[in-house]
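Asker: When you get a sec, could you give me coordinates for this:
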Amino acid sequence: MLKLTTLFAFFVALLTLVSVNQWSGFPIGNTFSGWLLYAAILATTVGIVRTRSNVDNRQQLRFFFVYMVWAGICLLRGLFFPENYWDWKNYATGFFILLLPITLLVFTHAQILQIVLKWWFRLALPMFGWVLLFNTPDSFGFYLHPVLLILPLLPIFSFRQKIVMLLLAALVITADLDARSNIIKFGAAILLLAFYWLPAVRAKKLTGALRLMFLLLPFVLLALAALGSLNIFQLDENLGSEVTSRQIVNGEVVEVELTADTRTFIYEEVIGSAINNGYVLFGRTPARGNDSEAFGSDLAEELGVGRYERYANEVGITNIFTWLGIIGVLLYFLVFVRATWLAVRRSANRYVPIIG
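Answerer: Purely as a prediction, here's the structure:
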């Protein structure tokens, strides 16, 4: 069991390095080796679950199991959708992406999570030097995602560990000011430290209120944008001016607009594609992407597929919508509703609610 868990931890650390290939000048492996790594993670997951069940936690995962069943149904439906080689290749990638959340059954064991994090800091963190040398700065935040779990819990770590974690967070935030999602995530993780110094009762009430606010906020913002009242992505219009920064790109100093809207058109294309092609409810399965005028020409002409279609987008939830439809999005949302409720309302310590 211990050897299987160590092997699982090794594969997770290796996946971290592979996950930022798209930003690398020297990517590790290729698509096929990536599939093999996904398969290895799934295989070790099954092995661990078979030898170490956790009935209590499984009872709390009913929404997760329903979501995975729907993902499985969409994967089966996807077998009838591919029209060419590239569709099958995309389906294979989507197959692993939709099945990898099964690793949650492993991470519900606190001891295994501890082992995985220990090996991640032993293996993946030193390999960050490779990323610094050969990757663009916007990849740093994606590579260092496990650090997000540590930042809100800094008070319980040693002084040296605190310094290392804060330096890594500062690097992510300042390395590429145009990578706004990284800045928001790591900045928010640091701000969550404030809960540690609040009285326990007040912290519990505040985390409960913030949980509800953050769960409702996406729906409110989507409705406001659809009505034309407020588009959160149009920062230059909301602020009344542009915010720019000078950065070095390919050895040259260029001025980057930090408030540029790089997301609205993605939502418009994804939602418009679903309406036009009639897959709003059930999705288009992982074999297909959304119609895209902005990016589709590359696939239509360079790959010769004859369709203006983009398989996946930077905004993760749009991919869930395209592949699994509104049903998948709602089930996916319920997983977070349940998880955050358990963390904030049912945890017996002061740290889990902060993460929740």
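
Asker: where in this structure is pLDDT low?
Answerer: Within the chain, the segments meeting pLDDT under 70 span 1-2, 53-56, 236, 238-258.

Asker: which residue is nearest the middle of it?
Answerer: Gly316 (6.5 Å; Cα atoms, centre = their mean).

Asker: Any figure for the gap between that one and Gly208?
Answerer: According to Cβ to Cβ, to the nearest Å, Gly316 and Gly208 sit 26 Å apart. (Glycine included, C-beta is placed from N, CA and C.)

Asker: now do Arg288
Answerer: Distance from Arg288 to Gly208, by Cβ to Cβ: 40 Å.

Asker: quick one, which of the two is more surrounded?
Answerer: Arg288 (24 against 16; other Cβ atoms under 10 Å).

Asker: out of everything not next to it in sequence, what's closest to the more buried one?
Answerer: Spatial nearest neighbour of Arg288, excluding adjacent residues (Cβ to Cβ, 6 or more residues apart in numbering): Phe81 at 5.5 Å.

Asker: Repeat that for Phe128.
Answerer: The nearest residue in space to Phe128 (Cβ to Cβ, 6+ apart) is Tyr143, at 6.3 Å.

Asker: Pro155 now?
Answerer: Tyr196 (5.2 Å).

Asker: OK, contacts around that neighbour?
Answerer: 152, 155, 350, 354 (Cβ atoms under 8 Å, 6 or more residues apart in numbering).

Asker: Over to it. Which of the three states is it?
Answerer: Put simply, Tyr196 is helix when judged by DSSP: H, G, I helix; E, B strand; the rest coil.

Asker: Distance check, it against Leu153.
Answerer: 8 Å.

Asker: Can you check which residues contact both of these two?
Answerer: Common contacts of Tyr196 and Leu153 (Cβ under 8 Å, 6+ apart): Ile354.

Asker: Quick check on Asn135: phi, psi?
Answerer: For Asn135, the backbone dihedrals (degrees, to the nearest 10) come out as phi -110, psi 160.

Asker: Measure how buried it is and give me the count.
Answerer: Around Asn135 there are 21 residues (other Cβ under 10 Å).

Asker: Bridged to it, which residues?
Answerer: Counting by DSSP bridges, Asn135 is bridged to Ser24.

Asker: That one is in contact with Ile28, isn't it?
Answerer: No. Using Cβ atoms under 8 Å as the test, Asn135 is too far from Ile28 to be in contact (10.8 Å).

Asker: Around Leu331, count how many other residues there are.
Answerer: Neighbour tally, Leu331, other Cβ under 10 Å: 21.

Asker: Contact partners for Ala274?
Answerer: Counted by Cβ under 8 Å, 6+ apart, Ala274 has contacts 280, 284, 290, 321-322, 325.

Asker: Then Asp138?
Answerer: When contacts are counted by Cβ under 8 Å, 6+ apart, Asp138 is found next to 23, 175-176, 178-179, 182.

Asker: Out of those, which comes closest to Phe64?
Answerer: The shortest approach to Phe64 among those belongs to Asn182, at 26.8 Å (Cβ to Cβ).

Asker: Strands of the stretch 1-150 of the chain, start to end?
Answerer: With strands called from DSSP state E, counting those that start in this stretch, the stretch 1-150 of the chain shows none.

Asker: so where do the helices sit in it?
Answerer: Counting by DSSP state H, counting those that start in this stretch, the stretch 1-150 of the chain has helices at residues 2-18, 31-51, 55-59, 62-78, 85-99, 104-107, 110-119, 128-134, 140-143, 145-150.
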